[in-house]
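S.K.: Next come a sequence and a model predicted from it.
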Amino acid sequence: MNEIKGKFITVEGGEGAGKSTNLDMIKQVLERAGHPVLYTREPGGTPLGEAVRDLLLVHKHDGMADETELLLMFGARAEHLNRKIVPALTAGTWVLCDRFTDATYAYQGGGRGIDPKRIQVLEQWVQQELRPDLTLILDLPIEVGLARAEKRSTPDRFESEAHHFFQKVREAYLDIAKNSPKRVKVIDASLPLAQVQSQIKTVIDDFLAVCI
Ligand code: T5A
């Protein structure tokens, strides 16, 4: 892998946690600190990845096999890394990504029950040594997130899952945070937006302070 010069920041969380709402603010804070930022998302981020996203989210494919879902996530991710993320990081651009592999551990691992060891094999194979430098997990009670998401749009294939699926997703995210406290910071996303953004700003400022 080429020499990585930029930082790789990911934002995670359950449905309707407020990722999209807060990504713009994070981008602005990073840019004000003098860093060029590429904003992108998963699944998606490239023409092929966005086509795979459509396959993954539409109800036409309800009942897709868990392994198919997992492999499509990593297929889109391989394209994203090769065409967009790694070239940007190599050029010194910071990459800000709405979801990444922690979402796979949370949704396909926690939610679908796929053994995390199988996910680890794909992670290593597709990403080699590349891992995010900083991850924010926007955490909130499931009912609050789903109510927010429902207000915004019709539920997609994931948003239509049952309560226990999202409970496992949330637990998996919180386990990731517990196991990687240096990289992963949990934000209480149930609070009013101003308070959520204040927590996020503190985390980003702390991260920037150690990057100097
Ligand atoms: N997925 C993804 C996997 O299963 N495995 C993987 O490996 C990957 C990468 C699509 C799906 O793919 C799955 C997970 C997902 O189900 P997505 O589109 O990123 O991924 O996921 P969503 O959770 O569907 O994204 P959303 O766009 O729905 O949610 P956001 O971005 O978290 O929430 P946002 O910002 O749109 O906010 C939702 C609403 O709440 C309001 C906003 O104004 C908006 O209306 N809001 C607040 N209201 C009150 N107080 C606050 N603090 C608020 N913050 C936001």
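M.R.: Cool, the structure landed. If you're wondering where the values come from, they're calculated on a predicted model, not measured in any experiment.

S.K.: where along this protein do the helices fall?
M.R.: With DSSP state H as the criterion, the chain has helices at 19-32, 47-57, 66-80, 86-90, 101-103, 116-127, 142-152, 163-179, 193-211.

S.K.: Let me have those in TSV, extended by mean pLDDT, distance to residue 187 and mean neighbour count.
M.R.: Bear in mind the C-beta positions are built from the backbone N, C-alpha and C, glycine included. Output for those, formatted as TSV (pLDDT from 0 to 100; distance: least, C-beta to C-beta, whole Å; neighbours: other C-beta atoms under 10 Å):
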stretch	mean pLDDT	distance to residue 187	mean neighbour count
helix 19-32	97	8	16
helix 47-57	98	24	16
helix 66-80	98	23	19
helix 86-90	98	24	18
helix 101-103	98	14	24
helix 116-127	98	23	15
helix 142-152	89	13	15
helix 163-179	97	10	17
helix 193-211	97	5	14
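
S.K.: and these as CSV, adding distance to residue 4?
M.R.: Output for the helices of the chain, formatted as CSV (distance: least, C-beta to C-beta, whole Å):
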stretch, distance to residue 4
helix 19-32, 16
helix 47-57, 20
helix 66-80, 15
helix 86-90, 5
helix 101-103, 16
helix 116-127, 12
helix 142-152, 33
helix 163-179, 22
helix 193-211, 13
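
S.K.: interface residues of this structure facing the ligand?
M.R.: Taking C-beta under 6 Å from any ligand atom as the contact definition, the chain meets the ligand at 13, 15-21, 42-43, 73, 98-99, 103-104, 107-108, 148-149, 151-152, 158, 192-193, 196.

S.K.: Residue nearest the middle of the chain, spatially speaking?
M.R.: The chain has residue 99 as the residue nearest its centroid, 1.4 Å off, counting by C-alpha atoms, centre = their mean.

S.K.: Can you verify my assumption that residue 122 contacts residue 78?
M.R.: No - here residue 122 lies out of contact with residue 78, judged by C-beta atoms under 8 Å, at a distance of 9.3 Å.

S.K.: that older thread, what's the closest non-adjacent residue to the residue nearest to the centre of the chain?
M.R.: Distances taken as C-beta to C-beta, 6 or more residues apart in numbering place residue 42 nearest to residue 99, at 4.6 Å, with adjacent residues excluded.

S.K.: for residue 39, which residues make a bridge with it?
M.R.: Per DSSP bridges, the residues bridged to residue 39 are residue 96.

S.K.: How about the contacts made by it?
M.R.: Contacts for residue 39 (C-beta atoms under 8 Å, 6 or more residues apart in numbering) come out as 23, 27, 96-98.

S.K.: For residue 175, which residues are in contact?
M.R.: Contacts of residue 175 by C-beta under 8 Å, 6+ apart are residue 110.

S.K.: And for residue 200?
M.R.: Residue 200 is in contact with 22, 25-26, 136, 187, counting by C-beta under 8 Å, 6+ apart.

S.K.: Does residue 77 touch residue 99 like I think?
M.R.: No - taking C-beta under 8 Å as the definition, residue 77 is not a contact partner of residue 99, at 10.1 Å.
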